[in-house]
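Participant: how does the following fold in three dimensions:
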Amino acid sequence: MQITVIDVGQMSSHATKNGRSYQSMEVTYKNDSGQVQSKKLMSFSNPDVFKQAKEWQKGDTVDVNTQKDDNGYWQWISIGADAIAQATSTSSNAKPTTRVTGSNYETKEERAQRQVMIVRQSSISSAITALTAEGKRPSVADILGMAKEFENFVMDNNSANSVADMEDDIPL
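Facilitator: The predicted structure follows:
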């Protein structure tokens, strides 16, 4: 996998229960598909990769060989033959790009759908609390019925309490 280094964090020293010490650092990078990710490296897990990573700078392009461990996590096992290929330098008048290509943000419709799900979940929780306060064990139909009433009220569906429905109480 080829990565582009964004940042190499400060090394931290740690002590284990048996008195041994080790170092760790976090590498933030862009992967092959342009996604920003980070990897915590430990000095004991793969010393060669750890030593080379200490020297990396922002913009370096590195070929990392990975392998899945017994727990199902991807580990950096070695650095490829072209250990570090320096990123192409930009001319002095070029501005670095900060534009994000692609979007991971929800669309307007997805946000609205998520909001409805949050209101429904909250309404079910409130209905359970209200119905169990009476000391009985409510049925699922009772819970969902009350939750639907709460949802309709919050979402202002079929509101009977609109201003147009109110009786005129101001004398002329």
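Participant: my read: Tyr22 touches Met11, true?
Facilitator: No. Counting by CB atoms under 8 Å, Tyr22 stays clear of Met11, with 10.3 Å between them. From N, CA and C alone the C-beta is placed, and that goes for glycine too.
Participant: which residues do the two both contact?
Facilitator: With CB atoms under 8 Å, 6 or more residues apart in numbering applied, the contact sets of Tyr22 and Met11 do not overlap.
Participant: heading C-terminal from the worst-scoring helix or strand of the chain on mean pLDDT, find the next helix or strand.
Facilitator: The weakest-scoring helix or strand in the chain, judged by mean pLDDT, DSSP states H and E, is strand 74-85 (a mean of 63). Using DSSP states H and E, the helix or strand that follows strand 74-85 in sequence is helix 108-132.
Participant: what comes up buried for that following helix?
Facilitator: By neighbour count with 16 or more other CB atoms under 10 Å, helix 108-132 contains the buried residues Val119, Arg120, Ser123, Ile124, Ser126, Ala127, Leu131.
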